[in-house]
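A.B. asks: Give the three-dimensional model of this entry:
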Amino acid sequence: MRRFYFLLLELAVLPLVVSCGGGTTGTVSPAISVRVSASATSVAAGQQVQFTATVTGTTNTSVTWLVVGGAADGTISASGLYTAPAVVPNPALVTVTATSLADPTKSGSGSITVTGTSSNLTVVVSPITPTVPNFGRQQFNAAVSGTSNTAVNWSVNGTPGGSLQFGFISSSGLYFAPGGVPTKSNSSGRVSTTTLTVTAVSQASASASGSTTVTLMPANQSAQSVPVNLGTSGGNANDSSASGNTITCCGGTLGSLVVRGGTQYILSNTHVLARTDLGTIGDPIIQPGLVDASCSKTQATTVANLSQFYNLETGPAPKIDAAIAQVVSGDVSATGSIDYLGATTDANGVPVPGAPHAGSGVAGAVNMAVAKSGRSTGLTCSTIFSTNTTTSVQYQKGCGTGTTFSVTYANQVDVTGGSFSAEGDSGSLIVTQSTADPVALLYAGSDADTVGNPVSGVLNFFKSGVNSVTFVGGAAHQVIGCTLPLKPASATLTVQAPLTSAEGLQNATGVRDAHAPELLAHPEVQAVGVGGSYDNPNEPALLFFITRGQPRTNIPQQVDGVRTRIIEGDLFPSRGSLTAAESATEEKSVPVPQMVYSISDGELSRAKAVHTARVEELMKQSGVQGVGLGSSVDAPGEAALVLFLIRGVAHDPIPPVIDGLRTRVRESSRFRAGFGDAQPQRGCSLPAARKTQPKPAIASSVPKP
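C.D. replies: Take a look at the predicted model:
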């Protein structure tokens, strides 16, 4: 595999400070100088280039710009943006001058060549539509014609030089892929992997560019030689359906290895290994799944046989989505190794496969850093958003066809970030980033979250008499892939900015004014303003600007139905009652809030009591698909009752506080698992994806969430 990392270093030129000693003291003013540079050496007629003036020797770095040849040679703005004339001047070499405002006798000049119109320029990027492995690299080349200036500027998905989410590209066109595969949500709210675009823009003319489409492909998706690693593409050999001349095939992730009574089994979901209750004990389990084997069993290897599964429709509480398959001797890594989950990297900087921490796993906690390695997105990293989550999940019988039904789960683990999983990642094992301890079995999700069964319930279901079930693995270790410079995209999560209406702010202002004296009476409060809530971004909030570290004096969680938000700082310039504009200015002095905060055991216990008392009635409300326990963003350190709402579905008003516990709203698409859908070229993770194969019958593939 061709995977490397590179480090972008910015070199800063440090001024040299010289101290002189002697018998007398005097001050020598530094000489002012002006240096001019341009972002390109040539420009097409009618196009633009940015000039920059670097002024030294004075704190006043302002300049005035001039095109020496006048309008016939083009124009330049006060910011140094040069616009070439519509016709190539004679001579074509144009000079631009920047004069210091601090000392008009000091100036600097730069030149640029004006070439033919950009319509004569073409940029062709190669290779065309390449496939690049996660953490891999790819050299791109740009062939520029129609100008002597063949230099280009590279970007990835519109960002010059690239980004953590989509990978970086050097000035020479060397692309470094990220650890996770980018995802997208379709109009139905289903999450699938997607491609990215690498673009080269001519330095001679910004209007001339060329692009190519890049597909990131994790090692998890490929057919492997035996013994196969876990975290890879797999599924039931019969997981397909036919309709007319169309064959739809599905697949998911062979999650991990467990042992019971000395016998090893592959652990995954019922909807992956047992075809959403339609499987038969003894069914062959193959690697890769049909979704990655051109819908042909002959292109896959039978690595296990279905042994036991939880029946999704008729199984008793506690509900789980899990199945095990006894391994074929020698066909599965006996150590339980999972792709990308190791503690070290290979010579190319790619995380090596590694086994989880052996044993029974650990319970999930709010703000716990977790990771997973799955068929579609490879390695992804995120944090637990809520625990003790009751949620309703939709299923579809069969592969890409069949009736739908819903299952309500209790005490689930919710992981934040739509990029954490996609179609085809169902069955992946979610582990802690710090020790690789199993936490949950991934089985469903929305375009904002991923849901997993806690491993304690899964292992308990499969125990037989005195024979317990444990994870096959090794010692505790860090999942190194989550610490690398090009770590998976979901490792960086930002909280949604409030979207408060003018009417909402006006209402909050009225409430603040009515209670200002009592609100400002709290000794830790420096000012009270108005703004938006992070716990419910569509609602306003009273903002309490308080002194960092000072004891709290029971600041109210809501006032007259308006949420409150606490903002800590050392010293805020403003005091008293603040307008919305003044509040926004003060907010800029503190960091943007985190997506998730840790909460104490005491807070969790308090929240559990409210959850237990209210969850049943809340789950009956229209638009509510889940209720869990998480952290408040409006009041870091406080627990929150998290209500998962279906986007676009009407729901009752969500009170800011229920039984003394703040509420937090999380809107997303419907939680789904085991669906077949019409997406081409996909596997099984949230909904299912398909890919069409050139066969006598049309074949489409579907991944499972």
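
A.B. asks: which residue ranges form the strands in the stretch 451-600 of the chain?
C.D. replies: Counting by DSSP state E, counting those that start in this stretch, the stretch 451-600 of the chain has strands at residues 469-471, 525-532, 540-547, 558-559, 562-569, 576-577.

A.B. asks: can you list the weak-confidence ranges in the stretch 501-650 of the chain?
C.D. replies: Judged against pLDDT under 70, the stretch 501-650 of the chain has no low-scoring part.

A.B. asks: Can you show me the helices along the protein?
C.D. replies: Using DSSP state H, the helices assigned to the chain run over residues 270-273, 455-462, 502-520, 580-587, 601-619.

A.B. asks: quick one on the thing from earlier: and the strands of the stretch 451-600 of the chain: which comes nearest Ser631?
C.D. replies: Ranking the strands of the stretch 451-600 of the chain by proximity to Ser631 (CB to CB) places strand 562-569 first, at 13.0 Å. Just so you know, the C-beta spots here come from the backbone N, C-alpha and C atoms, and that holds for glycine as well.

A.B. asks: Show me what that closest one is packed against.
C.D. replies: Counting contacts by 3 or more CB pairs under 8 Å, 6 or more residues apart in numbering; DSSP states H and E, strand 562-569 packs against helix 502-520, strand 540-547, helix 580-587.

A.B. asks: now those in JSON lines, with distance to Leu254 and mean neighbour count?
C.D. replies: Below are the helices and strands packed on strand 562-569 laid out as JSON lines (distance: least, CB to CB, whole Å; neighbours: other CB atoms under 10 Å):
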{"stretch": "helix 502-520", "distance to Leu254": "49", "mean neighbour count": "16"}
{"stretch": "strand 540-547", "distance to Leu254": "46", "mean neighbour count": "24"}
{"stretch": "helix 580-587", "distance to Leu254": "47", "mean neighbour count": "17"}
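
A.B. asks: can you tell which of those is closest to Pro127?
C.D. replies: When the helices and strands packed on strand 562-569 are compared by CB to CB, helix 580-587 sits nearest Pro127, at 46.6 Å.

A.B. asks: what's the distance between that closest one and the middle of its chain?
C.D. replies: 29 Å (CA atoms, centre = their mean, to the nearest Å).

A.B. asks: how many other residues sit next to Ile654?
C.D. replies: By other CB atoms under 10 Å, the residues close to Ile654 number 20.

A.B. asks: what sits against it?
C.D. replies: With contact set as CB atoms under 8 Å, 6 or more residues apart in numbering, Ile654 has these partners: Asn536, Leu643, Leu645, Thr663, Val665.

A.B. asks: Correct me if wrong: the fourth one contacts Asn536.
C.D. replies: Spelled out, that is Thr663. Yes - assessed by CB atoms under 8 Å, Thr663 is found in contact with Asn536 at 7.3 Å.

A.B. asks: for the record, mean pLDDT for stretch 673-685?
C.D. replies: In this model, stretch 673-685 has a mean pLDDT of 45.

A.B. asks: Kindly report the same for stretch 445-454.
C.D. replies: Averaging pLDDT along stretch 445-454 gives 94.

A.B. asks: distance between the ends of that stretch?
C.D. replies: Using CA to CA, to the nearest Å, one end of stretch 445-454 lies 15 Å from the other.

A.B. asks: Where does the prediction get shaky in the protein?
C.D. replies: Using pLDDT under 70, the chain drops low at 1-30, 117-119, 186-189, 488-493, 675-705.

A.B. asks: The same query, at a cut-off of 80, please.
C.D. replies: When residues are selected by pLDDT under 80, those of the chain lie in 1-30, 39-40, 59, 115-120, 185-191, 206-207, 486-494, 674-705.

A.B. asks: now for the helices of the chain, which one comes closest to Phe385?
C.D. replies: helix 601-619 (13.9 Å).

A.B. asks: Please point out which parts of the closest one sit buried.
C.D. replies: Glu603, Leu604, Arg606, Ala607, Val610, His611, Val615, Leu618, Met619 (16 or more other CB atoms under 10 Å).

A.B. asks: now the third one: how far from Glu638?
C.D. replies: Per CB to CB, to the nearest Å, Arg606 is found 9 Å from Glu638.

A.B. asks: export the helices of the chain to JSON lines and tack on distance to Val332?
C.D. replies: Shown next, in JSON lines, are the helices of the chain (distance: least, CB to CB, whole Å):
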{"stretch": "helix 270-273", "distance to Val332": "13"}
{"stretch": "helix 455-462", "distance to Val332": "17"}
{"stretch": "helix 502-520", "distance to Val332": "56"}
{"stretch": "helix 580-587", "distance to Val332": "53"}
{"stretch": "helix 601-619", "distance to Val332": "38"}
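
A.B. asks: out of the ones you listed, which comes closest to Ser296?
C.D. replies: Ser296 lies closest to helix 270-273 among the helices of the chain, at 18.5 Å (CB to CB).

A.B. asks: which strands and helices sit next to that closest one?
C.D. replies: strand 232-236, strand 246-254, strand 301-309, strand 323-327.

A.B. asks: Mind putting those into a markdown table with mean neighbour count and distance to Leu101?
C.D. replies: Output for the helices and strands packed on helix 270-273, formatted as a markdown table (neighbours: other CB atoms under 10 Å; distance: least, CB to CB, whole Å):
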| stretch | mean neighbour count | distance to Leu101 |
| --- | --- | --- |
| strand 232-236 | 34 | 64 |
| strand 246-254 | 32 | 63 |
| strand 301-309 | 22 | 74 |
| strand 323-327 | 25 | 74 |
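
A.B. asks: Would you mind giving these as TSV with distance to Gly69 added?
C.D. replies: Listed next are those as TSV, based on distance: least, CB to CB, whole Å:
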stretch	distance to Gly69
strand 232-236	64
strand 246-254	65
strand 301-309	72
strand 323-327	77
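
A.B. asks: Nearest to Leu578 among those would be which one?
C.D. replies: Of all the helices and strands packed on helix 270-273, strand 246-254 comes closest under CB to CB, at 50.8 Å.

A.B. asks: residue ranges for the strands of the stretch 201-350 of the chain, please.
C.D. replies: According to DSSP E, counting those that start in this stretch, the strands that the stretch 201-350 of the chain contains are 209-217, 232-236, 240-243, 246-254, 256-260, 263-268, 284-287, 301-309, 323-327.

A.B. asks: Need the nearest residue in space to Ala476, chain neighbours excluded.
C.D. replies: The shortest distance from Ala476 to any non-neighbouring residue, by CB to CB, 6 or more residues apart in numbering, is to Thr435 (3.9 Å).

A.B. asks: same thing with Val455?
C.D. replies: Gly361 (3.9 Å).

A.B. asks: Can you give me the distance of the one you found to Asp659?
C.D. replies: 32 Å.

A.B. asks: Check Gly279 too.
C.D. replies: For Gly279, the distance to Asp659 - CB to CB - is 43 Å.

A.B. asks: Of these two, which one has the most company?
C.D. replies: With other CB under 10 Å as the criterion, Gly279 and Asp659 differ in neighbour count, and Gly279 comes out ahead with 21 against 13.

A.B. asks: before we move on, back to that, save the strands of the stretch 451-600 of the chain as CSV, and put in distance to Ser192 too.
C.D. replies: Converted to CSV, the strands of the stretch 451-600 of the chain look like this (distance: least, CB to CB, whole Å):
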stretch, distance to Ser192
strand 469-471, 29
strand 525-532, 32
strand 540-547, 35
strand 558-559, 40
strand 562-569, 35
strand 576-577, 49
